[in-house]
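S.K.: what follows is a predicted protein model with its sequence.
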Amino acid sequence: MSPTDTLAIAGRSFGSRLFLGTAGYPNQQVMLDALAASGSELVTLAIRRISLDGYSESLVDVLARATAGRPTGPVGLLPNTAGCLTAKEAVLTAQLSREALDTPWIKLEVIGDRELLYPDVEELLRATEELVNDGFVVLPYCNDDPVTCRKLADLGAAAVMPLGAFIGSGMGIRNPHAIETICARSPVPVVLDAGIGTASDAALAMELGCAAVLLNTAVSKARDPVRMAAAMRDAVGAGRAARLAGRMPMRAHAEPSSPQMGLIGG
Ligand SMILES: CC(=O)[C@@H](O)[C@H](O)COP(=O)(O)O
């Protein structure tokens, strides 16, 4: 990625367009090594699942210590409201997170179905409005639906995070046309979140016009998470470069790619 091609969300710049989840790794060291290999400058962590009690070193301290010496500074935290089923729960969780972690950034998840982990759109819109009014930087995880994404942006979401497929499914981007449409219309950055299975999915997200990709399971459950993290870093960079370079026009017929003039025997 070019040093000038930075991503800005709510006035904050990122050199990397890959955001990483911190859950489900074989152990903490593998997670830290994968994070280093990914080059990611922002990680998400489930606020309801981390210990903030101060008795043991929390994930937050581990991340801060492991990334303190980076040229870009310690990794940024994007706490998330995973596990919340109502706007009320999500708002309360976000408020606790702001108190505990001293950041107004929140990846807003309000789930409408425990099995599918699909967003509850009504509750998500309600929580977004409330949190934006309360001064949060809200990044909602949402359906791959251009109307929902527009409503979230209108309410003041700093970015929208449409799903590629079910969380943790690795099914890739099930509706690329919807993602492309969301990207073309969105007034705020679009971060593809959930469902990425392998590097080509991440590259596709960027080629479709996404500003960034957030993924977790594709790295944490890879046979070699550190190697997959590096592959994701490269894929996001390649997809972004291809997007900026501009795809050639598609044709429904063959077009010789070598010159036809002066052929021997022609
Ligand atoms: C960690 C996190 O926030 C996930 O809920 C996120 O949606 C990523 O999903 P995948 O694990 O499918 O990449």
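M.R.: Received it, and whenever you're ready, just let me know what you need. Residues are numbered from 1 along each chain as shown.

S.K.: what part of the protein, helix or strand, is modelled with the least confidence?
M.R.: None of the helices or strands of the chain scores lower by mean pLDDT, DSSP states H and E than helix 59-67, at a mean of 92.

S.K.: which neighbouring elements make contact with that one?
M.R.: In terms of contacts (3 or more C-beta pairs under 8 Å, 6 or more residues apart in numbering; DSSP states H and E), helix 59-67 is packed against helix 28-38, strand 42-46. Placement of C-beta: from N, CA and C, glycine included.

S.K.: next, the buried residues of that helix.
M.R.: Leu59, Val60, Leu63, Ala66, Thr67 (16 or more other C-beta atoms under 10 Å).

S.K.: quick one, what contacts the most centrally placed residue in the chain?
M.R.: Per C-alpha atoms, centre = their mean, the C-alpha nearest to the average position across the chain is that of Leu214, at 2.1 Å. If a contact means C-beta atoms under 8 Å, 6 or more residues apart in numbering, then Leu214 has Leu18, Phe19, Leu20, Gly21, Thr44, Lys107, Met161, Val191, Leu192, Asp193, Ala194 as its contacts.

S.K.: in JSON lines, list the buried residues of helix 59-67 along with distance to the ligand.
M.R.: Listed next are the buried residues of helix 59-67 as JSON lines, based on distance: C-beta to the nearest ligand atom, whole Å:
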{"residue": "Leu59", "distance to the ligand": "12"}
{"residue": "Val60", "distance to the ligand": "15"}
{"residue": "Leu63", "distance to the ligand": "14"}
{"residue": "Ala66", "distance to the ligand": "18"}
{"residue": "Thr67", "distance to the ligand": "18"}
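
S.K.: between which two of those residues is the distance greatest?
M.R.: Leu59 and Thr67 (12.2 Å; C-beta to C-beta).

S.K.: the ligand contacts on the chain?
M.R.: Contact residues, the chain versus the ligand (C-beta under 6 Å from any ligand atom): 21, 23, 44, 80, 82, 141, 167-168, 193-196, 214-218.

S.K.: coming back round to it: centre of the chain to the least confident helix or strand of the chain, how far?
M.R.: How far helix 59-67 lies from its chain's middle: 20 Å, per C-alpha atoms, centre = their mean, to the nearest Å.

S.K.: contact partners of the next helix or strand after it?
M.R.: Next helix or strand after helix 59-67 toward the C-terminus (DSSP states H and E): strand 76-80. Applying C-beta under 8 Å, 6+ apart, the external contacts of strand 76-80 come out as 12, 14, 19, 41-47, 60, 63, 94, 97, 101, 103, 105-109, 139, 141.

S.K.: for the nearest residue to Pro119 once chain neighbours are set aside, give the beta-bridge partners.
M.R.: Excluding the flanking residues, the one nearest Pro119 by C-beta to C-beta, 6 or more residues apart in numbering is Cys142, at 5.3 Å. Cys142 forms beta bridges with Pro162, as assigned by DSSP bridges.

S.K.: could you number the chain from 18 rather than 1 from now on?
M.R.: With the count now opening at 18, the last piece we talked about shows up as Cys159.

S.K.: and Cys159, how many neighbours does it have?
M.R.: Neighbourhood size, Cys159 [other C-beta atoms under 10 Å]: 26.

S.K.: how about the strands in the protein?
M.R.: Along the chain, the stretches classed as strands by DSSP state E are 24-26, 29-31, 35-38, 59-63, 93-97, 122-125, 128-130, 135-136, 154-159, 178-179, 208-210, 229-232.

S.K.: okay if I get those strands as JSON lines plus distance to Ala107 and mean pLDDT?
M.R.: Listed next are those as JSON lines, based on distance: least, C-beta to C-beta, whole Å; pLDDT from 0 to 100:
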{"stretch": "strand 24-26", "distance to Ala107": "20", "mean pLDDT": "97"}
{"stretch": "strand 29-31", "distance to Ala107": "22", "mean pLDDT": "96"}
{"stretch": "strand 35-38", "distance to Ala107": "18", "mean pLDDT": "98"}
{"stretch": "strand 59-63", "distance to Ala107": "12", "mean pLDDT": "96"}
{"stretch": "strand 93-97", "distance to Ala107": "10", "mean pLDDT": "96"}
{"stretch": "strand 122-125", "distance to Ala107": "6", "mean pLDDT": "98"}
{"stretch": "strand 128-130", "distance to Ala107": "9", "mean pLDDT": "96"}
{"stretch": "strand 135-136", "distance to Ala107": "11", "mean pLDDT": "97"}
{"stretch": "strand 154-159", "distance to Ala107": "10", "mean pLDDT": "98"}
{"stretch": "strand 178-179", "distance to Ala107": "14", "mean pLDDT": "98"}
{"stretch": "strand 208-210", "distance to Ala107": "16", "mean pLDDT": "98"}
{"stretch": "strand 229-232", "distance to Ala107": "17", "mean pLDDT": "98"}
